[in-house]
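Asks: give me coordinates for this.
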Amino acid sequence: SYLPETSYNYELGGNFDFSLPGSGHKLSGSASVFYIDCRNQQITVFPDGNSTGRMMANAGRSGSFGVEAQVLYTLKGLSLSASYGYTDARFIRYDDGQADYSGNRIPYSPANTFNARAGYSFGFRSGILRSLTLAADVSGTGRIWWDEANSLSQPFYALLGADVRGHFKWFDVFLRGENLTGERFEVFYFKSVGRSFFQIGKPLRLTVGVSVNI
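Replies: Model prediction:
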């Protein structure tokens, strides 16, 4: 059996919106800082030995401090955006009877998340193709710790994507590419029968689609 989890969340933030009348320039953004004080945090643990499955347990106390920020700039057909998040999530008090993990990072909580995207939309006077939008983006995640002992982790990695979309009167046609550099990374970890297993992230892939505007 395990105890119910109690969480106290504190957050302070703000946002802004700036534009020049008649110029088309528009800049907006937001930022916040937060702290989460968690008592008896419920975490997933893997049994020792050759057992299978997962169990729930309580970490005596944990704390997560972080900051988040995002900004967006637009000018006619141009659109630029970026966001960043940082989280320091640690066990303040956690002793499972076999080891003391106090001060260690909490598993599965990425320290950094990042995304940036740039796009431009070309307008046409043609009655067939109304506009064409080209865009590229990069997203990053990590480091991610996989176990309470912080002996296994996924370093920071970045994924590149791009897309093109044609806007017609009644439908859109798009082509999207993800992980264009073929980055190899891990997205999940688990332990079973005394062995460690990692789930590998998706490789380079392309998606072609049609969306209908009703």
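Asks: quick check, F156 in contact with S139.
Replies: No: between F156 and S139 there is no contact under CB atoms under 8 Å: 11.3 Å. Glycine gets a C-beta too; all of them are placed from N, C-alpha and C.
Asks: parallel or antiparallel, which strands does the helix or strand containing A31 pair with?
Replies: Assessed by DSSP states H and E, A31 sits inside strand 25-45. If you go by DSSP bridges, strand 25-45 pairs up with strand 6-19 (antiparallel), strand 55-75 (antiparallel).
Asks: looking at those, which one has the lowest mean pLDDT?
Replies: Ranked by mean pLDDT, these end with strand 55-75 at the bottom, a mean of 91.
Asks: helix or strand right after that one?
Replies: Trace forward from strand 55-75 with DSSP H and E and the next one is strand 78-93.
Asks: now do the residue nearest to F171 when sequence neighbours are not counted against F168, distance only.
Replies: Spatially, and ignoring its direct neighbours in sequence, F171 is nearest to V212 (4.8 Å; CB to CB, 6 or more residues apart in numbering). Applying CB to CB, to the nearest Å, the value for V212 to F168 is 10 Å.
Asks: point me to the residue sitting closest to the centre of this protein.
Replies: T113 (5.4 Å; CA atoms, centre = their mean).
Asks: which helix or strand contains it?
Replies: Assessed by DSSP H and E, T113 sits inside strand 112-123.
Asks: okay, E5: pLDDT?
Replies: 87.
Asks: nope, Q42 is what I meant
Replies: 82.
Asks: sorry, back to before: contact partners for the residue nearest to the centre of the chain?
Replies: T113 makes contacts with 83-85, 139-141, as judged by CB atoms under 8 Å, 6 or more residues apart in numbering.
Asks: beta partners of it?
Replies: Residues in a beta bridge with T113, per DSSP bridges, are G85, T141.
Asks: next one: L78
Replies: Per DSSP bridges, the residues bridged to L78 are L75, Y120.
Asks: how deep is it tucked in, by neighbour count?
Replies: 13 (other CB atoms under 10 Å).
Asks: pLDDT below threshold where in this structure?
Replies: For the chain, the stretches flagged by pLDDT under 70 are 1, 49-51.
Asks: change it to 50
Replies: Scanning the chain for pLDDT under 50 picks out nothing.
Asks: can you say which helix or strand has S151 in it?
Replies: Per DSSP H and E, there is no helix or strand for S151.
Asks: number the residues from 30 up from this point.
Replies: Happy to do that; since the first residue is 30 now, the last one works out to S180.
Asks: contacts for stretch 226-239, please.
Replies: Residues contacting stretch 226-239 (CB under 8 Å, 6+ apart): 200-220.
Asks: dump it to PDB, restricted to CA.
Replies: The C-alpha trace of stretch 226-239 is given here as PDB (Å, rounded to 0.1, in the frame of the first residue of the first chain):
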ATOM      1  CA  PHE A 226      15.000  -1.900 -21.800                       C
ATOM      2  CA  PHE A 227      14.900   1.300 -23.700                       C
ATOM      3  CA  GLN A 228      12.300   2.500 -26.200                       C
ATOM      4  CA  ILE A 229      14.000   4.200 -29.200                       C
ATOM      5  CA  GLY A 230      12.400   7.400 -30.600                       C
ATOM      6  CA  LYS A 231      11.000   7.500 -34.100                       C
ATOM      7  CA  PRO A 232      13.400   7.800 -37.000                       C
ATOM      8  CA  LEU A 233      13.200  10.100 -40.100                       C
ATOM      9  CA  ARG A 234       9.700  10.100 -41.500                       C
ATOM     10  CA  LEU A 235       7.600  11.900 -44.100                       C
ATOM     11  CA  THR A 236       3.800  12.500 -44.000                       C
ATOM     12  CA  VAL A 237       1.600  13.500 -46.900                       C
ATOM     13  CA  GLY A 238      -1.900  14.500 -46.300                       C
ATOM     14  CA  VAL A 239      -5.000  16.400 -47.500                       C
END
